[in-house]
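J.: Coordinates only, no sequence provided:
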């Protein structure tokens, strides 16, 4: 197999993944949480229903508009997610 690129890094690692689903007042939410080894205070959060993800800290939850933008949710839905994440992170 001939390639036209130089492989810089090819690494396989094992991570623990926490799956949480919950029903809010507006809809059901399904998330996967992966703890980052490189930065222990950051968590990778994957919205499994919308196929979107972010790396976030608990302090990042204070940024209005961040959850709305990343997960493409309305303000009310983002508030539900934000309140949930404050308890989980």
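T.: Looks like it arrived, so ask away. Quick caveat: nothing in here was measured; it's all calculated off a predicted structure.

J.: can you pull out the helices in the protein?
T.: 66-71, 75-88 (DSSP state H).

J.: quick one: buried residues of the longest one?
T.: So that's helix 75-88. 77, 78, 79, 80, 81, 82, 85 (16 or more other C-beta atoms under 10 Å). Quick note: C-beta positions are derived from backbone N, CA and C, even for glycine.

J.: which one of the residues you listed is nearest residue 30?
T.: Distance ranking of the buried residues of helix 75-88 against residue 30, using C-beta to C-beta, places residue 81 first at 11.4 Å.

J.: Specify which member of the buried residues of helix 75-88 is nearest to residue 39.
T.: Sorting these by distance to residue 39 puts residue 85 at the head of the list, at 16.9 Å, by C-beta to C-beta.

J.: which residues touch stretch 46-56?
T.: Contacting residues not belonging to stretch 46-56 are listed as 19, 28-34, 36, 39, 42-45, 66, 70-72, 85, 89 [C-beta atoms under 8 Å, 6 or more residues apart in numbering].

J.: Quick check: pLDDT value at residue 6.
T.: What the model reports for residue 6 is a pLDDT of 89.

J.: what do you get for residue 15?
T.: What the model reports as pLDDT for residue 15 is 86.

J.: my guess is it meets residue 33, correct?
T.: No - with contact defined as C-beta atoms under 8 Å, residue 15 does not reach residue 33; the gap is 10.2 Å.
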